[in-house]
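Chemist: need a structure here:
(chains A, B, C, D, E and F)
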Protein chains: 4
Amino acid sequence: MGLDFEKDKPIYQQLIDRLSGDIIRRVRKPGDKLPSVREYAIDVGVNANTVQRVYKEMESMELIETRRGQGSFITENEERLQLLRDSKKEDLVKSFIANVEAYGFSKDEIVELVRREIK
Amino acid sequence: MGLDFEKDKPIYQQLIDRLSGDIIRRVRKPGDKLPSVREYAIDVGVNANTVQRVYKEMESMELIETRRGQGSFITENEERLQLLRDSKKEDLVKSFIANVEAYGFSKDEIVELVRREIK
Amino acid sequence: MGLDFEKDKPIYQQLIDRLSGDIIRRVRKPGDKLPSVREYAIDVGVNANTVQRVYKEMESMELIETRRGQGSFITENEERLQLLRDSKKEDLVKSFIANVEAYGFSKDEIVELVRREIK
Amino acid sequence: MGLDFEKDKPIYQQLIDRLSGDIIRRVRKPGDKLPSVREYAIDVGVNANTVQRVYKEMESMELIETRRGQGSFITENEERLQLLRDSKKEDLVKSFIANVEAYGFSKDEIVELVRREIK
DNA sequence: GTGGTCTAGACCACT
DNA sequence: GTGGTCTAGACCACG
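Modeler: Okay, here's the model as predicted:
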């Protein structure tokens, strides 16, 4: 179908984020088979090399496993998934806070904004 | 003196962020003169071209004004500065929320985390 | 091939003007790929950095779009292009008139001259 | 009093233009005394060096004459003034037309616009 | 191969 | 002294 990507972030990174999100949100579950590299590439409308890189990187994060001749699967190591979830969450919040402070916004102001925006 | 830069973000971008932060936090005030291109370059330990680029970009954002042969000055257009502050804040929160949702974290979970982290 | 530049105007500005003209005149059409930075640099006989700057500036004007690893393309946003054309035209005429008045030429005199010169 | 200058054109150039305009429009007439360098500098709010340059340059154009100990005066050489006027006019129109063509605007379109704008 | 960033160093115009 | 432009050359990330 072809997806829309933000142009200021690498496509492969955005794909990793998307897949990670799917996994965290349990849209894709442990043991699920991922589409083949070529299939997925066509699906989202990017170069196969890019998807290749995505899978490779997620493998090195131990998020997915590639079984020769069978394809790629989401790891069934639940602990690993929990870890991903936690570290991702922490990263997100930490970098958000860092930015907030760099720009000198008051804390109340931000908590308030986040709450309103998120509602 | 020489500053430390994150390596995954362009130096010029980090300098823009830093200066913008200073302006928003009123560490640098409307009408203030910025260091000369060369001076600032030595100060933070980068090439003069990089600072040149920073100033030029901030000028196109109408954050600073450059007067030929005299140097660069923070705009005295307070309205413009308020706009910067607001849009920066919105951008920050918006992109944070977007990430949060992409990763499927629950809203309460996030608000809670932010509050704890920020305290 | 190597091009000739006026010496009282920055090269990058002249290149922007030239390309903008090409786009307005439809010599280059929406969706067309521009030459790569390095290619164009050799083409017109300037440094690659200069072309880089040209493309970056045109991108910020939303005249072209740069797709990572693929190159730069003329925007397909026809509305944007029309806007460019109109504002460029207005700018030209406005600044011409301003000069004319600063020098105190009579209006008839100028209309007459323009008509003769343009014929 | 302090004047406002366009920031993309040298101040000294703008001052020359302004004075030339005054002369052409006969706001300042042949033989008139110009303000002293210092006086004029304060008047328009620029550095005295800048005015110095203006006078020097206009002198080399033979538009004004400086008499030691007396000040600067507009030349009484009417022929010279007429020449200035004509060449300035031609320059203006020529460069206007050049721009118009570079951007590919049709001639009718421009004549029309100029007439409307000038009315 | 493509754009993006950065450095070092030079030269110019302006105030 | 100040900004502005340009070159040459290098290195990196992306697709």
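Chemist: what helices or strands is the lengthiest helix in chain A leaning on?
Modeler: Taking DSSP state H as the criterion, chain A has its longest helix at helix A:78-102. Contact analysis of helix A:78-102 by 3 or more C-beta pairs under 8 Å, 6 or more residues apart in numbering or on different chains; DSSP states H and E lists helix A:11-24, helix B:11-24, helix B:78-102, helix B:107-118 as its packing neighbours. No exception for glycine: its C-beta is placed from N, CA and C like everyone else's.
Chemist: In the longest one, which of the residues would be classed as buried?
Modeler: This points to helix B:78-102. For helix B:78-102, a neighbour-count test (16 or more other C-beta atoms under 10 Å in any protein chain shown) marks B:81, B:84, B:85, B:88, B:89, B:92, B:93, B:96, B:97, B:99, B:100, B:102 as buried.
Chemist: Quick check: closest non-adjacent residue to the fourth one.
Modeler: On the basis of C-beta to C-beta, 6 or more residues apart in numbering or on different chains, the spatially nearest residue to residue B:88 that is not a chain neighbour turns out to be residue A:103, at 5.8 Å.
Chemist: Could you list which residues are in contact with the nearest residue in space to residue A:46 that is not next to it in sequence?
Modeler: Spatially, and ignoring its direct neighbours in sequence, residue A:46 is nearest to residue A:11 (5.7 Å; C-beta to C-beta, 6+ apart). Taking C-beta atoms under 8 Å, 6 or more residues apart in numbering or on different chains, we find residue A:11 in contact with A:5, A:46, A:50, C:68.
Chemist: If you drop the residues flanking it in sequence, what lies closest to the residue nearest the centre of chain A?
Modeler: For chain A, the residue nearest the mean C-alpha position is residue A:17 (1.9 Å; C-alpha atoms, centre = their mean). Using C-beta to C-beta, 6+ apart and skipping the chain neighbours, the partner closest in space to residue A:17 is residue B:102 (5.9 Å).
Chemist: Please look at that neighbour and residue A:21 and confirm they touch.
Modeler: Yes - in this structure, residue B:102 is within contact of residue A:21 by C-beta atoms under 8 Å, at 4.6 Å.
Chemist: Next, the contact list for residue A:75, please.
Modeler: Contacts of residue A:75 by C-beta under 8 Å, 6+ apart are A:30, A:62, A:63, A:64, A:65, A:81.
Chemist: ok, these vs chain B, which is closest?
Modeler: Of all the contacts of residue A:75, residue A:81 has the smallest distance to chain B: 12.1 Å, by C-beta to the nearest C-beta.
Chemist: And the pLDDT at that closest one?
Modeler: On pLDDT, residue A:81 comes in at 88.
Chemist: and residue A:9, how many neighbours does it have?
Modeler: By other C-beta atoms under 10 Å in any protein chain shown, the residues close to residue A:9 number 11.
Chemist: before we move on, what about residue A:10?
Modeler: Using other C-beta under 10 Å, residue A:10 has 14 other residues around it.
Chemist: Around DNA strand F, pick out the residues from chain A.
Modeler: A:10, A:11, A:12, A:13, A:46, A:47, A:49, A:50, A:53 (C-beta under 7 Å from any atom of the strand).
Chemist: Using neighbour counts, trim those to the buried set.
Modeler: Buried residues within the residues of chain A next to DNA strand F, defined by neighbour count using 16+ other C-beta under 10 Å: A:11, A:12, A:46, A:50, A:53.
Chemist: Throw these into TSV and include pLDDT and distance to residue B:114, thanks.
Modeler: Shown next, in TSV, are those (pLDDT from 0 to 100; distance: C-beta to C-beta, whole Å):
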residue	pLDDT	distance to residue B:114
A:11	91	29
A:12	93	29
A:46	91	33
A:50	93	33
A:53	94	32
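Chemist: which among those gets closest to DNA strand F?
Modeler: Of all those, residue A:11 has the smallest distance to DNA strand F: 3.4 Å, by C-beta to the nearest atom of the strand.
Chemist: distance of the closest one from residue A:47?
Modeler: 9 Å (C-beta to C-beta, to the nearest Å).
Chemist: Tell me which residues of the lowest-mean-pLDDT helix or strand in chain A come out buried.
Modeler: When the helices and strands of chain A are scored by mean pLDDT, DSSP states H and E, helix A:107-118 comes last with a mean of 80. Buried residues in helix A:107-118, defined by neighbour count with 16+ other C-beta under 10 Å: A:110, A:111, A:113, A:114, A:118.
Chemist: before we move on, back to that, in contact with the residue nearest to residue B:88, which residues are there?
Modeler: Contacts of residue A:103 (C-beta under 8 Å, 6+ apart): B:17, B:20, B:21, B:24, B:25, B:88, B:89, B:92.
Chemist: got it, and residue A:110?
Modeler: Applying C-beta under 8 Å, 6+ apart to residue A:110 gives the contacts A:100, B:89, B:93, B:114, B:118.
Chemist: From the buried residues of helix B:78-102, pick the one nearest residue A:73.
Modeler: residue B:102 (22.1 Å; C-beta to C-beta).
Chemist: And the closest one, how far from residue A:85?
Modeler: Residue B:102 is 13 Å from residue A:85, by C-beta to C-beta.
Chemist: okay, the spatially closest residue to residue A:16 that is not a sequence neighbour: pLDDT?
Modeler: Closest residue to residue A:16 apart from its sequence neighbours, by C-beta to C-beta, 6+ apart: residue A:54 at 5.6 Å. We have a pLDDT of 95 for residue A:54.
Chemist: Make sure residue A:54 is indeed in a helix.
Modeler: Yes - under DSSP: H, G, I helix; E, B strand; the rest coil, residue A:54 sits within a helix.
Chemist: Please tell me I have it right and it contacts residue A:19.
Modeler: Yes - counting by C-beta under 8 Å, residue A:54 touches residue A:19, with 7.1 Å between them.
Chemist: neighbour count winner among the two?
Modeler: Per other C-beta under 10 Å, whichever of residue A:54 and residue A:19 has more neighbours is residue A:54, with 26 against 20.
Chemist: Any regions of chain A where pLDDT drops low?
Modeler: Flagging of chain A using pLDDT under 70 yields the residue ranges A:1-3, A:118-119.
Chemist: Which residues of it lie near chain B?
Modeler: Neighbours of chain B within chain A, by C-beta under 8 Å from any C-beta of the partner chain: A:17-18, A:20-21, A:24-27, A:85, A:88-89, A:92-94, A:96-97, A:99-100, A:102-105, A:107, A:109-111, A:113-115, A:117-119.
Chemist: one more time with 7 Å
Modeler: With C-beta under 7 Å from any C-beta of the partner chain as the criterion, chain A meets chain B at residues A:17-18, A:20-21, A:24-25, A:88-89, A:92-93, A:96-97, A:99-100, A:102-105, A:107, A:110-111, A:113-115, A:117-118.
Chemist: Excluding chain neighbours, give the residue nearest to residue A:55 in space.
Modeler: residue A:72 (5.6 Å).
Chemist: ok, now residue A:99?
Modeler: Excluding the flanking residues, the one nearest residue A:99 by C-beta to C-beta, 6+ apart is residue B:92, at 5.5 Å.
Chemist: now do residue A:53
Modeler: That would be residue A:12: by C-beta to C-beta, 6+ apart, it lies 4.9 Å from residue A:53.
Chemist: one step back: may I see the buried residues of helix A:107-118 arranged in TSV, with distance to residue D:36 as well?
Modeler: Formatted as TSV, the buried residues of helix A:107-118 follow (distance: C-beta to C-beta, whole Å):
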residue	distance to residue D:36
A:110	59
A:111	63
A:113	59
A:114	63
A:118	67
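Chemist: Please produce JSON lines containing the contacts of residue A:110, extended by distance to residue C:42.
Modeler: Listed next are the contacts of residue A:110 as JSON lines, based on distance: C-beta to C-beta, whole Å:
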{"residue": "A:100", "distance to residue C:42": "46"}
{"residue": "B:89", "distance to residue C:42": "45"}
{"residue": "B:93", "distance to residue C:42": "46"}
{"residue": "B:114", "distance to residue C:42": "52"}
{"residue": "B:118", "distance to residue C:42": "53"}
